[in-house]
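# I'll drop the sequence and a predicted model, then ask my questions.
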Amino acid sequence: MTVPANGKALYLGNAGTAARFLTTVCTIVNGTAGSATKTIITGNARMKQRPIGPLVDALHENGAEISYVEGQGGLPLSIAPNGLKGGHIKLAASVSSQYVSSILLCAPYAKDAITLELTGGQVISQPYIDMTIAMMKEFGINVERQSGSDGKLLDVYAIPKGVYVNPEVYNVESDASSATYPLAIAAITGTTCTISNIGSSSLQGDARFAKEVLEPMGCTVEQSATSTTVTGPPIGQLRALGNVDMEPMTDAFLTASVLAAVASAPCDKGREVEGLRKEGSRIYGIANQRVKECNRIEAMRHQLGEHIGYRHVRQLIVQPNSVSRPTNSRTESLCSAKTTNRSSRALLFTVTMTIGSRWPSVFCPVSSRRRLSRRSDVSRRLGQTSSTTCRTR
């Protein structure tokens, strides 16, 4: 890879993963005659607000030449292809695991082997770091996570110099975050859904959603190493989550919050949220969701509107307004939800719209039924992919 020609910036829209990964990649690309001396990466207005400072600081300390073109701490960036010197790198990893994966993936091409130490408190989304390391091993680079004298794993990783070698076969697992939507539809409608290629052996954090979110809500979950089947409880018997730590699967909090908003049965004993009735839920460990393509916590608070008790900076409190079926006004508002620059939220709100499709004559006004019929088509298509099977009981 080489630096793009003069005047050709890499425009990444609102793609946070691409922005974080390419920041390190651009330090190790080749410069060729006739090309620009630096790569400019940029994005849309929201992407320019999203933090990238911790990654830039770590790379800069390791010899990378990176400068901010506009505001401090965000895109656009100007990056020179002068490589990484290697050695010891300290990286603040409490905001995004993408910073960690970015350095891990490029570390084998540094001048010397790299030891990456993660600082700044609790590391966010550890499963994604583990997934990166597992993928690197498949391509011939073995990353070693170091242990202390007491045998406890440290947030320190040794990455050797090397060159990736393509394996003969590499299987790309389906996206566990996207799989939460058809599973949630099964939970909310009392039907059954099978995801045939995501199971207990998955390294994706969101693969825990079935066992750690849906099962406590009253769903029956059958999971093998490579598949997951969820059967929802009878309609009206979906239980509240109560207290749930979603730090290992932060992206799935969107789906969980929608389910919590319509759960009508009390949560399991011992999971109750102090100060809320037993149908309330508290989702915490999701602070990093404020700095995604939008403030996802605020977006959910706004879109679910009357379902939300209140929002805290690091958690979401969800308390349904009623323990009965949704009313006309609640269904109407959910059918008209704005999806805030993210296709996943469009899919997310089809989950709630399946409620209306089950009882359209009971509580959906005519205008809502027309919208529901279109959105229900999306829900049906979710169940017609090669890896997903959904059926009613």
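Great, that's in hand.
# pretty sure Pro233 is touching Glu215, no?
No: Pro233 is beyond contact range of Glu215, at 10.7 Å (criterion: Cβ atoms under 8 Å). C-beta coordinates here come from the backbone N, C-alpha and C atoms, glycine included.
# The nearest residue to Arg282 once chain neighbours are set aside: neighbour count?
Nearest residue to Arg282, sequence neighbours excluded (Cβ to Cβ, 6 or more residues apart in numbering): Val273, at 4.3 Å. As a burial measure, Val273 scores 21 neighbours (other Cβ atoms under 10 Å).
# show me what contacts the closest residue to Gly73 other than its chain neighbours?
In this structure, Gly73 finds its nearest non-sequential neighbour in Gly53, 3.8 Å apart by Cβ to Cβ, 6+ apart. With contact set as Cβ atoms under 8 Å, 6 or more residues apart in numbering, Gly53 has these partners: Gln72, Gly73, Gly74.
# can you check Leu259 too?
For Leu259, the contact set (Cβ under 8 Å, 6+ apart) comprises Ala184, Ala187, Ile188, Val213, Leu214, Met217, Leu238, Leu241, Val351.
# same thing with Asp206?
Shown in contact with Asp206 (Cβ under 8 Å, 6+ apart): Ala176, Ser177, Ala179, Thr180, Met249, Asp251, Ala252.
# backbone phi and psi for it, please?
Backbone torsions of Asp206, given as degrees, to the nearest 10, read phi -70, psi -10.
# between the contacts of Asp206, which has the most around it?
Among the contacts of Asp206, Thr180 has the most neighbours (other Cβ under 10 Å), with 31 neighbours.
# still on that earlier bit, narrow the contacts of Asp206 to those in helices?
Under the assignment DSSP state H, those contribute Ala176, Ser177, Ala179, Thr180 to helices.
# Would you mind measuring from the second one to Arg145?
It stands for Ser177. Look at Ser177 and Arg145: by Cβ to Cβ, to the nearest Å, they are 25 Å apart.
# quick check, nearest of the contacts of Gly53 to Asp57?
Sorting the contacts of Gly53 by how near they are to Asp57, with Cβ to Cβ, puts Gly73 at the top with 9.4 Å.
# Neighbours of that closest one, how many?
Neighbours around Gly73, by other Cβ under 10 Å: 14.
# And the one 4 residues further on, by the same measure?
Applying the criterion other Cβ under 10 Å, we find 24 residues in the vicinity of Leu77.
# I figured it hits Ile52, correct?
Yes: the criterion here is Cβ under 8 Å, and Leu77 meets it with Ile52 at 7.3 Å.
# any shared contact partners between these two?
Counting by Cβ under 8 Å, 6+ apart, the residues touching both Leu77 and Ile52 are Thr23.
# which element is Leu304 on?
Leu304 is part of helix 296-304 when elements are defined by DSSP states H and E.
# tell me, what residue is most central in the protein?
Asp251 (3.0 Å; Cα atoms, centre = their mean).
# Against Val169, how distant is it?
In terms of Cβ to Cβ, Asp251 sits 28 Å off from Val169.
# and stretch 215-231, which residues are buried?
Residues Glu215, Pro216, Met217, Gly218, Cys219, Val221, Gln223, Ser227, Thr228, Thr229, Val230, Thr231 are the ones in stretch 215-231 that count as buried (16 or more other Cβ atoms under 10 Å).
# and what of stretch 245-263?
246-263.
# as a whole number, average confidence for that stretch?
Averaging pLDDT along stretch 245-263 gives 89.
# and it, how far apart are its ends?
18 Å (Cα to Cα, to the nearest Å).
# quick one: it to chain centroid distance?
Here stretch 245-263 is found 11 Å from its chain centre; the criterion is Cα atoms, centre = their mean, to the nearest Å.
# Tell me where the model's unsure across the protein.
Applying pLDDT under 70 to the chain picks out residues 7, 32-36, 305-393.
# Quick check: the gap between Ser96 and Cys26.
From Ser96 to Cys26 the distance is 18 Å (Cβ to Cβ).
# typo on my end, it should be Asp57
For Asp57, the distance to Cys26 equals 16 Å [Cβ to Cβ].
# These two: who's more crowded?
Cys26 (25 against 16).
# quick one: the more buried one is in a helix?
Yes: according to DSSP: H, G, I helix; E, B strand; the rest coil, Cys26 belongs to a helix.
# ok, now how distant is it from Pro4?
Cys26 is 9 Å from Pro4, by Cβ to Cβ.
# Find the residues that touch each one of those two.
Taking Cβ under 8 Å, 6+ apart as the criterion, Cys26 and Pro4 both touch Thr39.
# now do the same end-to-end measure for stretch 283-292.
End-to-end distance of stretch 283-292: 17 Å, with Cα to Cα as the criterion.
# Buried residues, that stretch. List them.
Of the residues in stretch 283-292, Ile283, Tyr284, Gly285, Ile286, Ala287, Asn288, Gln289, Lys292 count as buried by neighbour count, 16+ other Cβ under 10 Å.
# Quick check: the fourth one touching Asp251?
No: using Cβ under 8 Å, Ile286 is not in contact with Asp251, being 9.2 Å away.
# in this protein, which spans are helices?
Secondary structure of the chain by DSSP H: the helices cover 16-28, 45-49, 53-61, 97-106, 126-138, 176-189, 209, 253-262, 296-304, 328-335, 343-358, 360-363, 366-382.
# what separates the residue nearest to Thr250 when sequence neighbours are not counted from Lys137, distance-wise?
Of all residues not flanking Thr250 in the chain, Ile286 sits nearest, at 5.1 Å (Cβ to Cβ, 6+ apart). Computed as Cβ to Cβ, the Ile286 to Lys137 distance reads 29 Å.
# now swap in Ser149 and tell me
Relative to Lys137, Ser149 is positioned 26 Å away (criterion: Cβ to Cβ).
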